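>>> here are the coordinates; sequence isn't available:
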């Protein structure tokens, strides 16, 4: 018997239901975990790193490009979001303090979208002229972009106090970003509910993308760009699309990161240096190039490993004292070497964790 065709309403319901469940779980997590605790801080970091790793996976994993300047997009999202909540909040409410629940969080939601769009525009600008570059050359271009963004942020004027706002034109206020000292004013709007809702939406979008015809086109570009062009795939468009999508979600991660513990604690230019980009690359490579679940597991593992090393006491070898927290990069390198020897394609390779479960079910049947 032929099944009845799926109506648009039913199709929309099936698509929206997983997102609704994931958002409900994210909000529940925010209500269960006590605020201002060490556990909350770790979960914040894990959520931001998952978004960062999954977004980079769209470029490095799905399309086979090699970007190592992802922290630049994250920085643009962070500062773009702060400009909206700080200077935009002053323009709308006459102050820069946290406002009543609806207005304050509505402004924060807008700031997340704006941060993503600012990074998105930068992704288009970087992606378009880099189309003819591959491998090491593309990596150098993206690395240079990230460093340019960081240097430009360090050269910005000091943040304006509310009493100084009237002395500066509204259009000129957003360039006052604090320079090397960072954005030292503002309010913390972020919660675990916001962070993990963004994680859920990012994972859903990445999954839908991978399973769609656009995702297949991304993978065809990665496997053989010449063959993809021969069968009619517009490789130029899909390369730019990968950069734009990855930059948008990196900007969202930056917006969440900047408002994580207050707008002044996580928005220093040095927070978005080369090592931040390198951490994201390690997560993608460790999880498996092109694997969404692999990037997620790697982000959780490496974030937890970093915090675990912080809690290990100092090691005294005679007159030499070793701080395990300072061995983070060494631990990353050793872990990456071991995984590359045991699993050259990463933990999951190009597969997903749900495909592994499906394979076991078929084998059992």
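Here it is on my side, so go on. Just so it is clear, the model here is predicted, and its values are computed rather than measured.

>>> for the most centrally placed residue in the chain, give me its contacts.
In the chain, the residue lying closest to the centroid (C-alpha atoms, centre = their mean) is residue 52, at 2.2 Å. The contact partners of residue 52, by C-beta atoms under 8 Å, 6 or more residues apart in numbering, come to 70, 74, 250, 253, 280, 283, 299. Using the backbone N, CA and C atoms, a C-beta is placed for each residue, glycine as well.

>>> next, count neighbours for the spatially closest residue to residue 26 that is not a sequence neighbour.
Using C-beta to C-beta, 6 or more residues apart in numbering and skipping residues adjacent in sequence, the residue nearest residue 26 is residue 196, 3.5 Å away. When neighbours are defined as other C-beta atoms under 10 Å, residue 196 has 26 of them.

>>> wait, a strand at residue 196?
No - counting by DSSP: H, G, I helix; E, B strand; the rest coil, residue 196 is not part of a strand but helix.

>>> residue ranges with poor pLDDT in the stretch 51-200 of the chain?
Scanning the stretch 51-200 of the chain for pLDDT under 70 picks out 96-101, 135, 185-187.

>>> so residue 149 touches residue 72, yeah?
Yes - using C-beta atoms under 8 Å, residue 149 is in contact with residue 72, at 4.0 Å.

>>> which residues do the two both contact?
122, 272.

>>> among the two, which residue is more densely surrounded?
Counted by other C-beta under 10 Å, residue 149 and residue 72 do not tie: residue 72 has more neighbours, with 32 against 22.

>>> buried set for whichever strand or helix holds the residue nearest to the centre of the chain?
Here residue 52, judged by DSSP states H and E, is contained in helix 38-57. Residues of helix 38-57 classed as buried by neighbour count (16 or more other C-beta atoms under 10 Å): 40, 42-57.

>>> check this protein for its longest helix and report it.
helix 101-127 (DSSP state H).

>>> next structured bit after it?
helix 135-154.

>>> run a quick neighbour tally on residue 115.
33.

>>> how about it, what does it touch?
With contact set as C-beta under 8 Å, 6+ apart, residue 115 has these partners: 76, 77, 78, 79, 80, 81, 84, 251, 252, 254, 255, 258.

>>> contact partners for the residue nearest to residue 26?
Contacts of residue 196 by C-beta under 8 Å, 6+ apart are 25, 26, 29, 30, 43, 47.

>>> which residues of the stretch 151-300 of the chain fall in helices?
Along the stretch 151-300 of the chain, the segments classed as helices by DSSP state H, counting those that start in this stretch run 192-211, 213-223, 225-230, 235-258, 274-287, 292-311.

>>> what's the closest of these to residue 156?
helix 235-258 (14.6 Å; C-beta to C-beta).

>>> flag every buried residue along the closest one.
Quick answer for helix 235-258 (16+ other C-beta under 10 Å): 235, 238-258.

>>> cool, stretch 173-183 as well?
173, 174, 176, 177, 178, 179, 182, 183.

>>> give me the distance between the two termini of it.
13 Å (C-alpha to C-alpha, to the nearest Å).

>>> oh, and call the first residue 688 from now on, that's how I've got it
Yes, from this point I'll number from 688; that puts the last item at stretch 860-870.

>>> what are the contacting residues of it?
766, 769-770, 773-774, 840-847, 852, 855, 871, 945, 950-951, 954-958.

>>> and these, which are buried?
766, 769-770, 773-774, 840-841, 843, 846-847, 852, 945, 950-951, 954-956, 958.

>>> contacting residues around residue 986?
The contact partners of residue 986, taken as C-beta under 8 Å, 6+ apart, are 733, 736, 737, 739, 740, 741, 970, 974.

>>> what's the closest of those to residue 816?
When the contacts of residue 986 are compared against residue 816 (criterion: C-beta to C-beta), the nearest one is residue 739, at 23.8 Å.

>>> that'll do, ta.
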